[in-house]
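[1] model this:
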Amino acid sequence: MAAEHCVIMFLRLPYPLLADEHMSMAMRSLRRLGKDILLFPWFSGDRIRGALWLLRVAITYKKILLVDWTKPAPLTDFLVPNEIDWTFSGLDEMLFRNGSSTLSTDDFNDAVYRQVPTALEKFLSTKVYTTNSNQHFDTRDMVGVQPVDRLYEDGSCFFKFLFKPHPLIAARGDAHLQQLYGSESVDYVAWHWRHFDADGMSEKGIMASELSRVLSCAEGMARKVDVDLDQRPMLLVTDFNVFRQMVANRELRRLITPNIVARHIDLGQHAHDELVDIFVDLYLLSRVATVSNGILTGRDNI
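    Numbering: from 1, shown residues only. The predicted structure is shown next:
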């Protein structure tokens, strides 16, 4: 790892979907990187979006990107490298973890967001930089970095370039599909509902009118892909565990959900299987093709 300009970014890590031409464009861009930017991976979604944001930085400044996520369990238990190896395989991890940063946070921000000449020069020549970030992937606040015009397509492209599901995640997700739909190769509509109630610490109110609009939207999208929600109910993935249990008990006939209890990845102590289920939910959402206001349709998009 004797790169001339090796930048290391420590990020607390934890998906939308894409067309082949976007993947090819990203792969061509990344293969031109040459060498240089390391990243170190908080909450699962925060962590992942921080990684994708730093990948944009890496592409722009031709750096090597490494991702590290060790708590509460290694990221490679759930997601593994896809097109590039972002792990520390073959490297001495301690070289990157023991106070090795040689660039200040102010200089990094001045370089990446504003391209201040003095800061940019330091950034380009620095050997090691460490950071925690949950910056939004599509932020437009960076001078000189190509903007993200299509959030879902581009986000999917970047995600799928870095990651693919661990075989355990894919196998468990497919088993849920088999149980819910009778087949793991099936078109279905999915709904991701983030309600912030994962650990039962609180319960936020919901408006029946908004719930009705979501269900009407799902019905309209299902018709477009020839899915009959009476025969093939919409798959719900949510951290609203009380509502999820109601669906599991078939109290809403057009909704189904896998037997998973949502957990907050960085709050409390969780069994490894509970952490696996977080990524099984992600896998089930990734198997659909169209995203609109939290509703997804289709299949096979990991």
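[2] how far away is the nearest residue to residue 269 once chain neighbours are set aside from residue 280?
    Nearest residue to residue 269, sequence neighbours excluded (C-beta to C-beta, 6 or more residues apart in numbering): residue 72, at 7.9 Å. (Each C-beta comes from the backbone N, C-alpha and C, glycine too.) Shown here: residue 72 relative to residue 280, a distance of 16 Å by C-beta to C-beta, to the nearest Å.
[3] more neighbours: which of those two?
    residue 280 (25 against 16; other C-beta atoms under 10 Å).
[4] list of residues touching the strand or helix carrying the more buried one?
    Here residue 280 sits within helix 272-286, counting by DSSP states H and E. Applying C-beta atoms under 8 Å, 6 or more residues apart in numbering, the external contacts of helix 272-286 come out as 15, 17, 44, 72-73, 77-79, 165-166, 168-170, 172-173, 176-177, 190, 192, 235, 237, 258, 260-263, 265, 296, 301-302.
[5] can you pull out the helices in the stretch 1-150 of the chain?
    Using DSSP state H, counting those that start in this stretch, the helices of the stretch 1-150 of the chain run over 20-31, 44-61, 94-97, 105-109, 117-125.
[6] and residue 227, which of the ones you listed is closest to it?
    helix 20-31 (24.0 Å; C-beta to C-beta).
[7] go ahead and confirm residue 244 touches residue 236.
    Yes - contact criterion C-beta atoms under 8 Å: residue 244 and residue 236 qualify, at 6.6 Å.
[8] show me whatever sits in contact with both of those two.
    What both residue 244 and residue 236 touch, as defined by C-beta under 8 Å, 6+ apart, is the set residue 257.
[9] quick check: which ranges of the stretch 101-250 of the chain have low pLDDT?
    198-201 (pLDDT under 70).
[10] any figure for the gap between the residue most central in space within the chain and residue 155?
    The residue lying closest to the centre of the chain (C-alpha atoms, centre = their mean) is residue 48, at 4.4 Å. According to C-beta to C-beta, residue 48 and residue 155 sit 9 Å apart.
[11] pLDDT score for residue 296?
    On pLDDT, residue 296 comes in at 52.
[12] chain neighbours aside, what residue packs nearest to residue 258?
    residue 176 (4.0 Å).
[13] burial measure for that neighbour, as a count.
    21.
[14] could you do residue 180 as well?
    Using other C-beta under 10 Å: residue 180 sits among 19 other residues.
[15] and it, which of the three is it?
    Secondary structure for residue 180, judged by DSSP: H, G, I helix; E, B strand; the rest coil, is helix.
[16] ok, it to residue 221 distance?
    18 Å.
[17] now do residue 145
    33 Å.
[18] more neighbours: which of these two?
    residue 221 (21 against 18).
[19] wait, that one sits on residue 189?
    Yes - Residue 221 is in contact with residue 189 according to C-beta under 8 Å; the separation is 6.1 Å.
[20] that older thread, most packed of the helices of the stretch 1-150 of the chain?
    For these, average neighbour numbers computed from mean count of other C-beta atoms under 10 Å are highest in helix 44-61, which has a mean of 23.
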